[in-house]
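>>> need the 3D shape of this:
(2 chains)
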Amino acid sequence: MHHDRADQMSEDEDDHRSPPSDLEFTSSEARNYSTVGSGSGSGSGVPESQAPYLDQVLDNVLDNVLQFLTSRQDRNAASLVCKSWYRVEAVTRSELFIGNCYAVSPARASARFTKVRSLVLKGKPRFADFNLLPQGWGAHFSPWVASMAKAYSCLEKVHLKRMSVTDVDLENLAKSLPGFKELVLVCCEGFGTKGLAAFVSLCRQLRVLDLIESEVADDEMDWISHFPEGESCLESLIFDCVECLINFQALERLVANSPSMKRLRLNRHVSIGQLFRLLKIRGPQLTHLGTGSFSLSDLVPQGDQEPELDYASAFTACKSLVCLSGFREIVPDYLPAIYPVCANLTSLNFSYANINTEQLRPIIRHCHNLQIFWVLDSICDEGLQAVAATCKELRELRVFPIDAREDSEGPVSEVGLQAISEGCPKLQSILYFCQRMTNAAVKAMSKNCPDLVVFRLCIMERHRPDHVTGDPMDEGFGAIVKNCKKLTRLAVSGLLTDKAFSYIGKYGKLVRTLSVAFAGNSDMGLKYVLEGCPRLQKLEIRDSPFGDVALLSGLHQYYNMRFLWMSSCRLTRQGCQRVAREMPHLVVELIGSNWEDMEMDDVAEKLSMYMYRSVEMPREDAPDFVTIM
Amino acid sequence: MEFEETELRLGLPGNGGGGGGGGEGEVVRKRGFSETVDLKLNLSSKDSGGGGVVDLDEKVKAVQKEKNLLPSAADPAKPPAKAQVVGWPPVRSFRKNIMATQKSMSDESDKGAAFVKVSMDGAPYLRKVDLRMYKTYQDLYDALGKMFSSFTIGNCGSQGMKDFMNESKLMDLLNGSDYVATYEDKDGDWMLVGDVPWEMFVESCKRLRIMKGTEAIGLAPRAMEKCKNRTN
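Residues are numbered from 1 along each chain as shown, chains lettered A, B, ... in the order given. Down below sits the predicted model:
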């Protein structure tokens, strides 16, 4: 699964001592908020006349030493020691991570970091995934391509998340960097098969092309055929999100020509028969596989019988397989085909597979080594019990709703959560959609799973209390922040009062990411969090009664944060403007065209505010519906 | 036998879906199949949406998308549903759309095999359709027309299609007589599409074959007989 990469992109490494990673500052104001207490200036204590020579020696030594420093938090800290260290660090940083593409401009980034091999760039705020950000908001990759074309001749890897990428961008990227090796696009949009075709035909050294949950326009272009002929160095080809038909013969040829291929995730237009053919070619080498539709093809050559598919032995050759996903249009009868690989799997993604408890049981029984499991709630509480019974190594669980509506049935409940907490004590990360939950079960999880780092509970009906006691869910979430000492990411739901937030502020000292929706009673709720959580980086809030007073109580915090999103809360233009005035390095965006029509002190119930730190002037590519304060 | 009786055209049964009563040699021609299959070379392939499979899926997706965003219609059997809020529950649209499409497909298959293979004389590939996606014969004809017209224009680009694009073969199609849709029913008999009420057709149809009208002679009488038997 892409989770390993996606994790790197969403969960920053845990290092409390380091200053913000996405804001490479030069101003003194910025320095004031860094938590590293080192002094500035060159503290070498060497006589003036010899200083330049010794600086050079120091630089060389530093150069060699800093090569080994990989963590960006450590690098940020090192760059603050003195000018010399700053300079050398900048030249030796090969992986550049920019958590908000508007925090720093391409020009500034490339002026400081001159030898970058790998760029990670994130764009839109996460709530864009849920249609809360209108189309055309921004996060364009184009200016970055232009800048990189000039500055980074050795750039080999680009990872983008929630960026807007065009066909032209892809083409330019490939044209300007002939040695380019790795492209990963997560939740991106704006390009199509035309751009892909151009990209793959120009990148002759391509090792990795991972398209993950991105929207790819169907330009009716057979992009697979555009890979160069002959032997390929392709190691990873992930295109399960591409909804277009593909040329299977070309794909088969490509796979056959890629002896280094280890990761292959097919889209739903690849049938099970075609999958088996690919497994015959590459099965033994594959570590990551996305199965495609896992059902029969719609298109069958006239006159051919449907070939007899050898379900029993298709997967037997896949000795290296550890990560399995796909099953996009699963015919459950074919599931037994995967028995041979179950025992080796560490990661299994059934989140598009509509299977019930009985269909899951025989599979999960064999998956003793499973660490990551994504599944639909169609397996019900009993299915989760089966998981708990076998998967003792489970680290990450995600249970998605098959029917993602507020008033849907909800086949999983506190019963499943309780079972998982009892059976999987090593759990670190959970995302759980349900309709019925109790404080008791959440408390149980907080006690049984002390290693929890990520706790995201989504009770789908808004304002829903504990369905047994009728109480708000305050105590449950309170227990999570209190007992899970490693918790860095939290998403809350259900009926919640300000009390829940007081718990978060009191105990959630390591929380970096917090998602809030339809929760809280008053400004106090948000105040508790802003005042109590020193590590807070990303705060996204929707439809909660927090207003200007709360907003203004966080001024001390906002330069430490990557962003704050508040939509449909109780802010006014006035409040937002005040923040913008007091914090010159903060960009305060009001999203939605009605902000302009509003009176300054009208409460903006339907509109959104997105606020982020930046060393640049406010962006010039903002569309009409964005007002920058 | 009167000429009219053997003249085989594709059309809806008399009185828009009436039962076995329309079997006395009255073939009310509402819309011939050949008219829905636009085999002319100048059909814009863009209109057909680039391939029948994608077209259908997008149609379903579009419908399902609408369903997700609009407040759910009041179902008299259930209490009125809450208006759906944008972006809640927080499931990515990508995932929502996929699940919605899958759900409709699986619901249908629970009711019984509604997927049937469709072959067309001269086309190198079969297609598959889910009959439960359609409410009337007209819907089915429209979809088949789109499906096979895009075939003839050759969007797929594979070797088989290139052969098929051979001009002489195309001209045969264009010059040929009306096409007729026939189906194989549960008993293994080949029948003309359109004789029985739609629901009955969906239940009994096992596979579809679109053949040249000239080859379909001899089906009609049997079809009508069967019809009569069924209504008894």
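
>>> so where's chain B uncertain?
For chain B, the stretches flagged by pLDDT under 70 are B:1-83, B:103-113, B:149-178, B:213-232.

>>> for stretch A:494-510, measure first residue to last.
The straight-line separation of the ends of stretch A:494-510 (C-alpha to C-alpha, to the nearest Å) is 23 Å.

>>> now it: buried residues?
Using 16 or more other C-beta atoms under 10 Å in any protein chain shown as the test for burial, stretch A:494-510 gives A:494-505, A:507-510. C-beta: built from backbone N, CA, C; applies to glycine.

>>> closest one to chain B out of these, please.
Relative to chain B, the closest of those is A:G494; by C-beta to the nearest C-beta it sits at 11.9 Å.

>>> what about that closest one, which SS state?
Recorded secondary structure, A:G494: coil (DSSP: H, G, I helix; E, B strand; the rest coil).

>>> try A:V158
Three-state call for A:V158 (three-state DSSP): strand.

>>> name the nearest residue to it, sequence neighbours excluded.
Excluding the flanking residues, the one nearest A:V158 by C-beta to C-beta, 6 or more residues apart in numbering or on different chains is A:L119, at 5.1 Å.

>>> phi, psi for that neighbour please.
phi -120, psi 130 (degrees, to the nearest 10).

>>> would you confirm that it contacts A:M148?
Yes: with contact defined as C-beta atoms under 8 Å, A:L119 and A:M148 form a contacting pair (7.2 Å).

>>> confirm A:G383 sits in a helix?
Yes: counting by three-state DSSP, A:G383 is found in a helix.

>>> correct me, but it touches A:R365?
No: using C-beta under 8 Å, A:G383 makes no contact with A:R365, being 11.7 Å away.

>>> and these two? which has more neighbours close in?
The neighbour comparison of A:G383 against A:R365 (other C-beta atoms under 10 Å in any protein chain shown) goes to A:G383, with 27 against 14.

>>> the closest residue to chain A within chain B and B:S93: what is the separation?
Of all residues in chain B, B:G87 sits closest to chain A, at 3.2 Å by C-beta to the nearest C-beta. Going from B:G87 to B:S93 by C-beta to C-beta, to the nearest Å gives 9 Å.

>>> give me the common contacts of the two.
Residues touching both B:G87 and B:S93 (C-beta atoms under 8 Å, 6 or more residues apart in numbering or on different chains): A:130-131.

>>> who has more neighbours out of these two?
Set side by side, B:G87 and B:S93 show more neighbours around B:G87, with 20 against 16, by other C-beta under 10 Å.

>>> surely the residue of chain B closest to chain A is in contact with A:L132?
Yes: under the criterion of C-beta under 8 Å, B:G87 lies in contact with A:L132, with a separation of 4.9 Å.

>>> give the contact list for A:S351.
Applying C-beta under 8 Å, 6+ apart, the residues contacting A:S351 are A:374-376, A:398, A:400, B:95.

>>> phi and psi next, for B:S119.
Torsion angles, degrees, to the nearest 10, at B:S119: phi -120, psi 150.

>>> wait, doesn't it sit right on B:L144?
No: in this structure B:S119 lies outside contact range of B:L144 using C-beta under 8 Å: 11.1 Å.

>>> among the contacts of A:S351, which are in strands?
A:374-376, A:398, A:400 (DSSP state E).

>>> now rank the contacts of A:S351 by neighbours and give me the top one.
A:L376 (27 neighbours).

>>> how many other residues sit next to the residue nearest to it when sequence neighbours are not counted?
If the residues on either side of it in the chain are set aside, A:L376 comes closest to A:I402, at 4.7 Å by C-beta to C-beta, 6+ apart. Other residues within reach of A:I402, judged by other C-beta under 10 Å, total 22.

>>> gap between A:I402 and A:V331?
Per C-beta to C-beta, A:I402 is found 17 Å from A:V331.

>>> re earlier: farthest pair in the contacts of A:S351?
Spatially, the most separated pair among these is A:V375 and B:R95, at 12.8 Å (C-beta to C-beta).

>>> list the contacts for the residue lying closest to A:S105 once chain neighbours are set aside?
Spatially, and ignoring its direct neighbours in sequence, A:S105 is nearest to A:E616 (5.0 Å; C-beta to C-beta, 6+ apart). Taking C-beta under 8 Å, 6+ apart, we find A:E616 in contact with A:102-105, A:108.

>>> returning to what we had before: pLDDT wise, what is the nearest residue to the residue of chain B closest to chain A once chain neighbours are set aside at?
Excluding its sequence neighbours, the residue lying closest to B:G87 (C-beta to C-beta, 6+ apart) is A:F130, at 3.2 Å. The predicted structure scores A:F130 at 93 on the pLDDT scale.

>>> tell me how many other residues crowd A:F130.
Neighbour count for A:F130, taken as other C-beta under 10 Å: 19.

>>> show me the helices in the stretch 251-400 of chain A, by range?
All helices of the stretch 251-400 of chain A, identified by DSSP state H, counting those that start in this stretch, fall at A:272-282, A:311-314, A:339-342, A:357-364, A:380-390.

>>> pick the most deeply packed of those.
Burial of the helices of the stretch 251-400 of chain A is given as mean neighbour count (mean count of other C-beta atoms under 10 Å in any protein chain shown); helix A:380-390 ranks first at a mean of 22.

>>> who touches that helix?
With C-beta under 8 Å, 6+ apart as the contact definition, helix A:380-390 has outside contacts at A:356-357, A:360-361, A:364-368, A:370, A:373, A:375, A:379, A:394, A:397, A:399, A:411-413, A:415-417, A:419-420, A:422-424.

>>> make a PyMOL selection of the buried ones in those.
Selection of the buried residues among the contacts of helix A:380-390 in PyMOL, burial being defined by 16+ other C-beta under 10 Å:
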select buried, chain A and resi 357+360+361+364+366+367+370+373+375+379+394+397+399+411+412+413+415+416+417+419+420+423+424
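
>>> among the contacts of helix A:380-390, which are located in strands?
For these, membership in strands holds for A:373, A:375, A:397, A:399, with DSSP E as the criterion.

>>> gap between B:D187 and B:R209?
For B:D187, the distance to B:R209 - C-beta to C-beta - is 16 Å.

>>> between these two, which has more neighbouring residues?
B:R209 (19 against 9).

>>> residues in contact with the residue of the stretch 1-150 of chain A found nearest chain B?
Closest contact between the stretch 1-150 of chain A and chain B, by C-beta to the nearest C-beta, is at A:F130 (3.2 Å). Contacts of A:F130 were listed using C-beta under 8 Å, 6+ apart, and they are B:86-88, B:90-93.
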